[in-house]
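model this:
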Amino acid sequence: SDEQEFFKREASIKAPKTGEVIQTPFPPLPPDRKEELDIDIEQLKQLAKEAAGPLSIERYSPSEREINHVLSTVTMTFNQPMIAVSSLDEVMNVEDLDISLTPKVEGRWRWTGAKTVQFEAKHRLPYSTEYALKVDKEHCVSDIFLLKTKI
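Numbers count the residues shown, from 1 in each chain. The predicted structure is shown next:
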């Protein structure tokens with residue numbers, strides 16, 4: 001017979017909430033700027049270590065206040081480069097950092113920048129599910145520092 005079920009479109013997702021715009025001057029005001037042009041390589045390395053501080057997670061998403069829409073990615077950004085920019089196209093083993101997402105979701109981890117790692121779920125993340133993202137401080141090492149605490 002030629003009878004078929006009636007096709008009904010899924011409900012549209014809500015429009016994302018707008019973010020807060022923070023105005024900052026560019027270039028930074030003179031007291032905040034450090035300009036010394038006569039620096040040798042060793043001084044530059046020392047400055048990089050001082051400016052970087054301890055390794056930490058700068059931001060992650062989604063957060064508790066995440067916008068209400070279908071999510072299929074989890075992103076985490078460190079405060080320092082974790083891999084060389086030249087190796088972004090190479091397959092990097094994120095498991096070496098001992099990052100885990102529980103409950104386990106089918107998908108893959110990939111580096112989107114020198115400081116940012118992203119999990120792409122094969123399908124959207126299920127609603128009404130609380131996830132735990134854990135990073136082991138022993139395995140999470142940048143070129144300069146070790147992560148201070150397990151997150």
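
hang on, isn't Leu125 packed against Tyr131?
Yes - using C-beta atoms under 8 Å, Leu125 is in contact with Tyr131, at 7.2 Å. C-beta coordinates here come from the backbone N, C-alpha and C atoms, glycine included.

any common contacting residues for those two?
Shared contacts of Leu125 and Tyr131 (C-beta atoms under 8 Å, 6 or more residues apart in numbering): 74, 105.

In a helix, Val74, correct?
No - assigned with DSSP: H, G, I helix; E, B strand; the rest coil, Val74 falls outside any helix and is strand.

Once you drop chain neighbours, what's closest to it?
Counting by C-beta to C-beta, 6 or more residues apart in numbering, Val74 lies nearest to Phe119, which is 4.3 Å off, once chain neighbours are set aside.

any idea how far the one you found lies from Ser100?
Going from Phe119 to Ser100 by C-beta to C-beta, to the nearest Å gives 10 Å.

Which residue of those two possesses the greater neighbour count?
With neighbours defined as other C-beta atoms under 10 Å, Phe119 and Ser100 compare such that Phe119 has more, 20 against 12.
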